[in-house]
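> model the following, please.
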Amino acid sequence: MVLLSAGGALSWWTVGYTLREGEVALGLSPKAYCVVRSLVELLCAGSDGLPDGVAEGVVERIDEEVWSSDDGTREDLESAIQLLEHLPPWFGFGGRLSGLSIEQREACFVRYLQCDDTVIVQAATALKQMAHFFFFTRDATWGAIGYDGPWVAAPKLPDSGVRYRQLADEARGKPA
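Modelled structure (predicted):
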């Protein structure tokens, strides 16, 4: 009986995280990538003329930022993602954050932001800020908010961004 319980707990922690076709997790674990996707679906949902954050590559951009970060930052972000993913039962929701409906996810996330635990608030705020930052730097978002773009004709990607795209294309089986 103990083994069955342990197996169930382990599967609750690890099962059900599948990357979609075309998704590549280079900085995040596949599980964390899926959790971040669920957060971007919530925080950057296409509405009121704004584009859809997942379709605009916000999740991949977060993965790129994590990939180019130092080990300590990468571990902290991964821990924050894991924390938010598995806290819903403590806030009255049945299941993992990524498995909740959008409405339940929103209610749960609001509770994270309003709770008295500083670590939870910081984790939720950090991921919310990353999602919004990368959402509002997308070309497709600019028209919806009335921004005509930067003054440079062609922005130059940093070396880390160029390398990330090369590795992601290789992982997808595209020629570099």
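
> report the longest helix in this protein, please.
Counting residues, the longest helix found in the chain (DSSP state H) is helix 118-135.

> where does this structure dip in pLDDT?
1-15, 176 (pLDDT under 70).

> residues touching the residue positioned nearest the centre of it, list them.
For the chain, the residue lying nearest the average C-alpha position, counting by Cα atoms, centre = their mean, turns out to be Val36 (2.0 Å). Shown here is Val36, whose contacts under the criterion Cβ atoms under 8 Å, 6 or more residues apart in numbering are 28, 59, 62-63, 81, 127, 131. Heads up, the C-betas are built off the backbone N, CA and C, glycines and all.

> what angle separates whichever strand or helix holds it from helix 118-135?
Applying DSSP states H and E as the criterion places Val36 in helix 30-43. Here helix 30-43 runs at an angle of 70 degrees relative to helix 118-135 (axes from the mean of the first three to the mean of the last three Cα atoms, to 10 degrees).

> chain center to helix 30-43: distance?
Distance of helix 30-43 from its chain centroid, counting by Cα atoms, centre = their mean, to the nearest Å, is 4 Å.

> just stretch 158-167 next, same as before
How far stretch 158-167 lies from its chain's middle: 19 Å, per Cα atoms, centre = their mean.

> can you pull the buried residues of it?
Across stretch 158-167, burial judged by 16 or more other Cβ atoms under 10 Å covers Tyr164.
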